[in-house]
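Novice: below are the sequence and a predicted model for it; my questions follow.
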Amino acid sequence: MRTVVQLHKPMYTEIGGLSTWEVIPSPGLEMEALDPFLFLNDHGPQVYPPNNEGLPFGPHPHKGFETITFILDGDLVHRDNTGYVSAIKAGGVQWMTAGKGIIHSEISSDEFKQKGGNIEMLQLWVNLPKRLKETDPGYIGLQANDIPAIDLGVGAKLNLISGEYQGSKGPVNSLTGLWMSTLEMKAGAGQRFEVDPSRQVFFYVTKGQVMVNGEKVGGKTLVRFGTEGSIITVNATEDAVILFGHGSPTGEPIVARGPFVMNTEEEIRQAWKDYQQGRFGKPLDH
Ligand code: MN
């Protein structure tokens, strides 16, 4: 069994009126702790009234990593300066490779701004190793029905985003061999997973309550595992939704400054210069 070494509670803040739990990094859990998983923000649930301003994430750059955004409720319009415009609804996922540099916005649809509704979404940043930091930027928008929902047969469902499970394959071909899913479990459901000890496990309970390798884990809690053992057993004691993935650590230095994640301070300075001098491509007006 993989040992549970930490149950981590996020820190609450608001970003432009948006309820946000900062999971990684936050006091007690550094950005380096779960290499290659760098950053996780959990937004909502939060009801926006009619005629609202929507999400506050207008045009901004990124470089050196990938963002995976899980839209549990509400919607999210991604627009970037390579030309993608993509409105993803509840149950969908946005997977963006920032690579050598991209400018994008992440905002609500006009319909959501007019009608209002519930927002519930999470954004995870996954590092790219040095050999991929200059890769071309890319974006994949997945609606709920693009993601295989694997029935685990016991009131549990695994929505597979990348990698393989029980003969099914997720729609994203990860550059780094990342395996990523969301796990939805009804109270009473249980499942046993096997993850190679060389892989870092990412396991975050966004709602509900589960027992994980014998530890009771409530909502909005990240489970950090040790590096030995391969078995992870999950038993839901309440209906639960979990982000569950694993990946190979980069083993490289992490220098993260705002929207850029590189290996050295010099590379960060160069990234700002490249962005300011227009080498991330044309600006985005909204
Ligand atoms: Mn962004």
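Specialist: Done, it's in.
Novice: tell me where the chain has helices.
Specialist: 110-115, 265-276 (DSSP state H).
Novice: which of these sits closest to residue 67?
Specialist: Counting by CB to CB, residue 67 lies closest to helix 265-276 out of the helices of the chain; the figure is 15.8 Å. Quick note: C-beta positions are derived from backbone N, CA and C, even for glycine.
Novice: what packs against that closest one?
Specialist: For helix 265-276, the contact count by 3 or more CB pairs under 8 Å, 6 or more residues apart in numbering; DSSP states H and E identifies strand 255-257, strand 260-262 as packing neighbours.
Novice: residue 204 against residue 241, yeah?
Specialist: No - applying CB atoms under 8 Å as the test, residue 204 and residue 241 come out as separate, 9.6 Å apart.
Novice: bridged to residue 149, which residues?
Specialist: Residues in a beta bridge with residue 149, per DSSP bridges, are residue 159.
Novice: mind putting the helices of the chain in CSV, distance to residue 251, mean pLDDT and mean neighbour count included?
Specialist: Supplementary listing: these in CSV, determined by distance: least, CB to CB, whole Å; pLDDT from 0 to 100; neighbours: other CB atoms under 10 Å:
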stretch, distance to residue 251, mean pLDDT, mean neighbour count
helix 110-115, 41, 98, 14
helix 265-276, 17, 98, 15
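Novice: out of those helices, nearest to residue 211?
Specialist: For the helices of the chain, proximity to residue 211 was assessed by CB to CB; helix 110-115 is nearest, at 36.1 Å.
Novice: what does that closest one contact?
Specialist: When contacts are taken as CB atoms under 8 Å, 6 or more residues apart in numbering, the neighbours of helix 110-115 outside the stretch itself are 48, 50-54, 74-75.
Novice: 10 Å instead?
Specialist: By CB atoms under 10 Å, 6 or more residues apart in numbering, the list of residues contacting helix 110-115 from outside reads 48-55, 74-77, 87, 89, 107-109, 117-119.
Novice: where strands are concerned, which of the residues you listed count?
Specialist: When strands are assigned by DSSP state E, the members of the contacts of helix 110-115 inside them are 48, 75-77, 87, 89, 107, 117-119.
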